[in-house]
Each structure stands twice: as structure tokens, then as C-alpha cells.
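Chemist: generate a structure from the sequence data that follows.
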Amino acid sequence: MPQKDYVRASRPKPANKGKSRASNNRNSRAKAAPAKPWLLIGLTAVTLMVFVYGLWFLRQQTPVNTAPAPTATAPVKAVVKDDLPPKPAAEPYQYIQELENKEITVELTEQRRSGPAQLQCGSFRQQPQAEAMKAQIAFAGITADVRRTEGTNGVLV
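Modeler: Numbers count the residues shown, from 1 in each chain. This next block holds a predicted model:
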């Protein structure tokens, strides 16, 4: 069955009013040319000019001397202040001694086992795959069982 082009079938066909097909294509290309984004070009140019002016302005500035001029006065003794408060006589917190001397008691209860623990090593839809896994486990020296539950074959150790 041939494929049908639904997109072109729904478009109206252009009317050729005595013009050749080649001249019609040239006109449509000329009309379809996108307009240049003059606003974007203008904003880019203005931003570039502002940036160049800023660089020129910074270059014209004279450097400011920030070093203070030494004064000729009598030498003054430098007083060294200890900004830290004095150490407390005793430790205000008692939790350190309490933690060192604390004795912890733990109650142990025996856990009851309901039965032997089982580990499922795989679940397969087909019996031969489950038997292959059982054989791989048997080569490792561990016994395994294959149990069928709800459409799957589980390999249990």
C-alpha cells in the first residue's frame, strides 16, 4: 500500500497566474528572508561602547597613594592588651565528669528462632534455568533446593 502525504494534501495549491515556476520560487525566497534583529544589534553595540568607555575612563585615573605619611612625633609605647577573658577557676560544666563515671547497663534478651534461615539465590520462570543455578551452587559445595511458587521457580539455599 503506497504511503500518503497528509501534510501536502491538506495545503492549498498555489495559483500560477501566468508566471513560471522558477520566478515564483525566487520571489518566495526573497519574501521569506528573515528581517535582521536591529534592536539586538543596537543593544550589543551600545553595551560594547559603554564597556570600552569604562576601560578608557579607568586608565585615565591617577593612582591614589594609600600609604599613610610617617609623622615625626615622639615614639609611643605600644600597649599589648590581652582581649581574652581570664580562665575560670573551675570547669562550669559537669557533664564531662558525669560521662567519665557513668555506668551503662544493657538488658539482653534471647531471640527465638522460628526455623532455619533461607536465602533465595534466584527466581526463574523456566525449570531448566533454576536447575542450572542449583548446579552452580552445588559446585560451590552448598546444597540448594528448587521450589515452585506462583509461576516461578525459586532457588533456595
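
Chemist: okay, and the helix or strand of this protein with the least pLDDT?
Modeler: helix 21-32 (a mean of 55; mean pLDDT, DSSP states H and E).

Chemist: the strands in the protein, which residues?
Modeler: Taking DSSP state E as the criterion, the chain contains strands spanning 120-124, 145-149, 152-156.

Chemist: and the last one, what other elements does it pack with?
Modeler: Taking 3 or more CB pairs under 8 Å, 6 or more residues apart in numbering; DSSP states H and E as contact, the helices and strands that strand 152-156 lies on are strand 120-124, helix 127-139, strand 145-149. Where you see a C-beta, it was placed from the backbone N, CA and C, and this is true even at glycine.

Chemist: how far away from the center of its chain is the second one?
Modeler: The gap between the average C-alpha position of helix 127-139 and the chain average comes to 42 Å, counting by CA atoms, centre = their mean, to the nearest Å.

Chemist: extract the CA atoms of stretch 85-93 and return them as PDB.
Modeler: The C-alpha coordinates for stretch 85-93 follow below in PDB (Å, rounded to 0.1, in the frame of the first residue of the first chain):
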ATOM      1  CA  PRO A  85      38.800  36.900  79.400                       C
ATOM      2  CA  PRO A  86      40.600  35.200  82.400                       C
ATOM      3  CA  LYS A  87      40.300  31.400  82.600                       C
ATOM      4  CA  PRO A  88      37.700  30.200  85.000                       C
ATOM      5  CA  ALA A  89      38.900  28.600  88.300                       C
ATOM      6  CA  ALA A  90      36.700  25.500  87.900                       C
ATOM      7  CA  GLU A  91      35.100  23.900  84.900                       C
ATOM      8  CA  PRO A  92      31.500  25.100  84.800                       C
ATOM      9  CA  TYR A  93      30.200  22.000  83.000                       C
END
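
Chemist: okay, now stretch 113-132: how far is its last residue from its first?
Modeler: 31 Å (CA to CA, to the nearest Å).

Chemist: just how off-centre is it within its chain?
Modeler: Averaging C-alpha positions (CA atoms, centre = their mean) puts stretch 113-132 39 Å from its chain's average.

Chemist: residues contacting that stretch, please?
Modeler: The contact list for stretch 113-132 (CB atoms under 8 Å, 6 or more residues apart in numbering) reads Met133, Ile137, Ala144, Val146, Arg148, Gly151, Thr152, Asn153, Gly154, Val155, Leu156, Val157.

Chemist: do I have it right that the last one meets Ile137?
Modeler: Yep, that's Val157 we're talking about. Yes - with contact defined as CB atoms under 8 Å, Val157 counts as touching Ile137 (6.5 Å).
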